[in-house]
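Visitor: I'll drop the sequence and a predicted model, then ask my questions.
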Amino acid sequence: MRRLRLFTLAGLVLLGACTGGGAGDGGMAGDGGNVDEPIGEGTVEAAIELTAPPEEGAGQTPTFQWEPVEGAAAYRLVVLDAEGRAVWAWEGPDTSVALGGVLDRPEASEGPVLTPGSAWSVAALDADGHVVAASPLRSASP
């Protein structure tokens, strides 16, 4: 069974493939800090299936969507820029959310926008706030 290792980046949950090596294996690109330090028990065996937006042609204010996870009380989404910096995060019970939290936001309005080389990830949380599943980091560009 493929296991996934949880990582943190500025306090946000990210995933990487776990190949069974040591604690430093499977590090992820990011801010150059402690991104290869596992959180919690260090692994989850359930991955969230991300369904939208597409990796290319997502637009500047896409809606992020994923499949529901059994036992999840909430989801935590993080959007990263091309340098791996968190530019927007959201937490709630829904399985979809528009970037910035507003549907049909006009392109010229203020708020976060997707830029080339962006990526996103979702973690599912149980009622106690523990991670029960997570997605791998997925690219998304306007």
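Guide: Yes, it's here. Residues are numbered from 1 along each chain as shown.

Visitor: Looking at the residue lying closest to I48 once chain neighbours are set aside now. What's its pLDDT?
Guide: Of all residues not flanking I48 in the chain, S135 sits nearest, at 4.0 Å (C-beta to C-beta, 6 or more residues apart in numbering). (Each C-beta comes from the backbone N, C-alpha and C, glycine too.) With respect to pLDDT, S135 has a value of 96.

Visitor: And for G71?
Guide: Reported pLDDT for G71: 94.

Visitor: neighbours around the residue nearest to I48, how many?
Guide: Other residues within reach of S135, judged by other C-beta atoms under 10 Å, total 24.

Visitor: Could you report the separation of it from A98?
Guide: Noted for S135: a distance of 18 Å to A98, by C-beta to C-beta, to the nearest Å.

Visitor: what does T63 give?
Guide: 5 Å.

Visitor: do W66 as well
Guide: 14 Å.

Visitor: With P54 instead?
Guide: For P54, the distance to A98 equals 15 Å [C-beta to C-beta].

Visitor: Who has more neighbours out of those two?
Guide: A98 (16 against 13).

Visitor: pLDDT value on that one, please?
Guide: 94.

Visitor: Got phi/psi on it?
Guide: phi -80, psi 150 (degrees, to the nearest 10).

Visitor: same question, L125
Guide: Dihedral pair for L125: phi -120, psi 140, per degrees, to the nearest 10.

Visitor: nearest spatial neighbour of it, skipping sequence neighbours?
Guide: A74 (4.7 Å).

Visitor: No further queries at this time; thank you.
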